[in-house]
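S.K.: sequence plus predicted model, see below.
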Amino acid sequence: MGRPFVVTLEGKIYSCKYCGTHLALSDDIASRAFQSRNGRAYLFRKVANVTVGESEERKMLTGIHIVADIFCVQCGSNVGWKYETAHEESQKYKEGKSVLERFKILGPDGSLYWASPEAHIGELMSRVLGFF
Ligand SMILES: [Zn+2]
């Protein structure tokens with residue numbers, strides 16, 4: 001594998017908390033009101049420096065969506081997911097947009113949110129065990 005090509009963003013940047021790679025801009029936030037099972041998450045109109053995993057159908061609180069996990073291109077950490085298709089008409093606005101989990105990214109001022117304690121322990125365990 002070659003060295004990944006990493007784009008540098010300018011502005012108020014959200015970056016990977018593990019390696020600092022730029023992932024998205026504050027200006028591209030479509031919603032801050034998202035929730036993942038690990039806590040708060042933001043919906044971005046676009047993200048940079050991610051690789052997209054395999055699409056799968058996922059049943060969420062808001063209905064069935066086709067989503068794909070997204071990973072930091074530099075360190076391979078799972079940072080959120082991308083909506084490819086939403087079945088419900090009211091959820092169509094999410095298509096093509098990406099969710100970054102807030103506790104996996106650093107804010108523009110370097111702020112870091114912690115997930116719920118259980119999720120944090122789960123994440124630490126998975127890191128200890130070598131999974132991401
Ligand atoms: Zn990273």
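M.R.: On my side now, so go ahead.
S.K.: the residue nearest to residue 88 when sequence neighbours are not counted and residue 9, how far apart?
M.R.: Excluding the flanking residues, the one nearest residue 88 by CB to CB, 6 or more residues apart in numbering is residue 63, at 4.1 Å. Any C-beta I mention is one placed from the backbone N, CA and C, and that applies to glycine too. Using CB to CB, to the nearest Å, we find residue 63 at a distance of 32 Å from residue 9.
S.K.: surely the residue nearest to residue 88 meets residue 89?
M.R.: No - using CB atoms under 8 Å, residue 63 is not in contact with residue 89, being 9.8 Å away.
S.K.: by mean pLDDT, which helix or strand of this protein comes out lowest?
M.R.: Among the helices and strands of the chain, helix 117-128 carries the lowest confidence by mean pLDDT, DSSP states H and E, at a mean of 53.
S.K.: so residue 63 and residue 89 - more neighbours on which side?
M.R.: More crowded of residue 63 and residue 89, by other CB atoms under 10 Å: residue 63, with 13 against 8.
S.K.: for that one, give the beta-bridge partners.
M.R.: Counting by DSSP bridges, residue 63 is bridged to residue 60.
S.K.: swap in residue 24?
M.R.: Counting by DSSP bridges, the residues bridging with residue 24 are residue 14.
S.K.: could you report the neighbour count for the nearest residue to residue 22 once chain neighbours are set aside?
M.R.: Sequence neighbours aside, residue 9 is the residue nearest to residue 22 in space, at 4.2 Å (criterion: CB to CB, 6+ apart). Number of residues near residue 9 (other CB under 10 Å) recorded here: 18.
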